[in-house]
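S.K.: Here is my input, please return the structure:
(2 chains)
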Amino acid sequence: MELRARVTMAALVLLLAGVAVAALLLGQAHLSDPGLRDTLLELRAVRVGAAALAGAALAVGGAVLQGVFRNPLVSPDILGTTAGATLTGQLALFALAVVLPGRAHQGVGVAADMVLPLGCLAGAGLALAALLAFARDRTSPLGLLLTGFILSSLFLSLSAFVTSLAQNSWEVGRAMVAFSLGGVGGVSRRQLLLATPLVAAGTGALWGWGRSLDVLLSGEEEASTLGVAVGPARRWIIVWVAVLTAAAVSVGGNVGFVGLVVPHALRPLIGVQHRRLIPAAALLGASFLVACDVLARTIPARTELPLGVVTGIIGAPVFLVMLRRWQEELRHG
Amino acid sequence: MAEPLLEARGLGVRRGGRVVLEGISFVARPGVVLGVLGPNGAGKSTLLKAVAGLLPSSGQLRLGGDDARALDARARARRLAYVPQHSVLDAALPVREVVAQGRFAHGGAWGPLAAVDRAAVDRALAMTDSTALAERPFSALSYGERRLVLLARALATEAPVLLLDEPTAALDVRHALELLAVLRRRAEGGAAVLVVLHALAEAASACDEALLLAGGRCVAAGPVAEVVAAEPVRRVYGVELVPGAHFGYRTAGPPRDGGS
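M.R.: Next comes the predicted model:
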């Protein structure tokens, strides 16, 4: 690894450490009260962990999807994967509310806690399968984006429908709305412990596929002649992206643009090789979302800003700039 | 005579219910540059893709004595390298990484490249005179440089069969000559080279043997001097070979054998 990449990696580790410490220290309540300090620190630590996990998972998912589709403008949220996971996550919460009324938003045991990530996994998998089925020509960048947009719109509409059904119970309805707007405020330690191995396994597995992902940058035909078993490789890569997205949504709800912005910020510094990009994206994605969460809870507002709103305000303009630059590149060949 | 590295018997391809290639038979032996010639739409690229396993085909196809279709992607990639006419690769991968992709089927999937793989990459870069480009991003290269790097990637596989689809198309004369010289050296090193070429004069000087296709069938096959000869060329292209004329030929009425 050349010097610039090494320095960048070291800087990313320091950045994450710095942002995490700042996130522990900053907030509406002060740590100066000795009676509150331990409780506040513990609550914030879980929150920091959840934001870091979700950010890492979404950024790695984005970096990998951009590689496998050879399209710089895709990410789990742009392709509807996050919305799919959000919809089925909400359905899982709704089902829990029906089965265990009044406790759906609380810790209700490992088996019940598993319902949310499994629900999210079903939706993420379904969304990616639908994308592959409908975007037949995956080499068409606009076709892929439009299919993702339509799927995302469909899932978000269904999600709004499920939210409206849940309004009979104030608590469940509030949990649904919070989930669809994104946020790590209500994450329990157990949820965090369940999501951690999923994110670790997904990131590790995709790092393992890194060399295949590099070869897939030459397209499926060339990759096949170079020895990549393209069908199984693509299937496994998509499965692991679904796992990462599901884990991210299960702790952070519907958070957008992390998977789009982070890999783009990194490529000029670290290069396009996936064995470097994936760990770097995990580090910067984690830092980015922890920092966004600090903003969400420290910006003066009547209530805490939803995390998805903060990432959207930052990410959407960045996406528009990227879209414009990409169109100019196409125009000038 | 050396055993064939690649052997096709009655190879056929159908696309959308239409026969686009039928009854193609040839052998590719070590040391031989075999040109695949024919007018536009003759089925040259289809033949290469079928041999590379990128298109479903009928008939017999043997690689080094084994059924090519029974080989998995990694095993096939170790025996056969393919350079497409148009690569979609446009990433900012360093050139050395691109060439190292030629070793994908050799090493383990997890660890770094082994010394033997790194040596193969260095040899391929040297053979194509691309060593100076090794640390540059692929996306920053000129078209001709990209063609050489993609050839280096194929050479790095050290596969005994090398397939190239119009490798000299859109190259300036210097890059084209350099590339054809590399192919000759690879053949002299024991490989069988199957190369699609458009220019008959180029084929006549660069190839030992040739297949002349028209309308998805083989019209002539054998030593290049017999294939790039007055009668088959007139039949397929509708042109007369004229020594000293511009490009070496002039039109002589419509082709008779399915040229388009």
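
S.K.: A:Glu304: neighbour count?
M.R.: Residues near A:Glu304, counting by other CB atoms under 10 Å in any protein chain shown, number 15. From N, CA and C alone the C-beta is placed, and that goes for glycine too.

S.K.: Please identify the buried residues of stretch B:213-226?
M.R.: Neighbour-count burial for stretch B:213-226, counted by 16 or more other CB atoms under 10 Å in any protein chain shown, picks out B:213-221, B:224.

S.K.: just stretch A:116-135 next, same as before
M.R.: Buried residues in stretch A:116-135, counted by 16+ other CB under 10 Å: A:116-128, A:130-131, A:135.

S.K.: Tell me which of the buried residues of stretch B:213-226 fall in helices.
M.R.: Under the assignment DSSP state H, the buried residues of stretch B:213-226 contribute B:Val224 to helices.

S.K.: just checking, what packs against the helix or strand hosting A:Ser152?
M.R.: With secondary structure defined by DSSP states H and E, A:Ser152 is part of helix A:141-165. Counting contacts by 3 or more CB pairs under 8 Å, 6 or more residues apart in numbering or on different chains; DSSP states H and E, helix A:141-165 packs against helix A:81-99, helix A:110-134, helix A:170-181.

S.K.: Please repeat the previous calculation with a cut-off of 10 Å.
M.R.: Counting contacts by 3 or more CB pairs under 10 Å, 6 or more residues apart in numbering or on different chains; DSSP states H and E, helix A:141-165 is packed against helix A:81-99, helix A:110-134, helix A:170-181, helix A:307-331.

S.K.: could you check the angle helix A:307-331 makes with it?
M.R.: Relative orientation of helix A:141-165 and helix A:307-331, computed by axes from the mean of the first three to the mean of the last three CA atoms, to 10 degrees: 160 degrees.

S.K.: Would you confirm that B:Ala156 contacts B:Val116?
M.R.: No. Contact criterion CB atoms under 10 Å: B:Ala156 and B:Val116 do not qualify, at 11.3 Å.

S.K.: OK, contacts around A:Leu15?
M.R.: Shown in contact with A:Leu15 (CB atoms under 10 Å, 6 or more residues apart in numbering or on different chains): A:283-284, A:286-288, A:290-291.

S.K.: again, 8 Å this time
M.R.: Residues near A:Leu15 by CB atoms under 8 Å, 6 or more residues apart in numbering or on different chains: A:283-284, A:287.

S.K.: about what we covered before: who has more neighbours out of B:Ala156 and B:Val116?
M.R.: More neighbours surround B:Ala156 than the other of B:Ala156 and B:Val116, with 28 against 11 (other CB under 10 Å).

S.K.: Need phi/psi at the closest residue to that one other than its chain neighbours.
M.R.: Residue nearest to B:Ala156 in three dimensions, not counting chain neighbours: B:Gly102, with 3.1 Å by CB to CB, 6 or more residues apart in numbering or on different chains. Taking degrees, to the nearest 10, you get phi -60, psi -20 for the backbone angles of B:Gly102.

S.K.: And for B:Gly102, the neighbour number?
M.R.: By other CB under 10 Å, 26 other residues sit near B:Gly102.

S.K.: pLDDT value on it, please?
M.R.: As predicted, B:Gly102 sits at a pLDDT of 96.

S.K.: who's in contact with it?
M.R.: When contacts are counted by CB under 8 Å, 6+ apart, B:Gly102 is found next to A:226, B:81, B:120-121, B:124, B:152-157.
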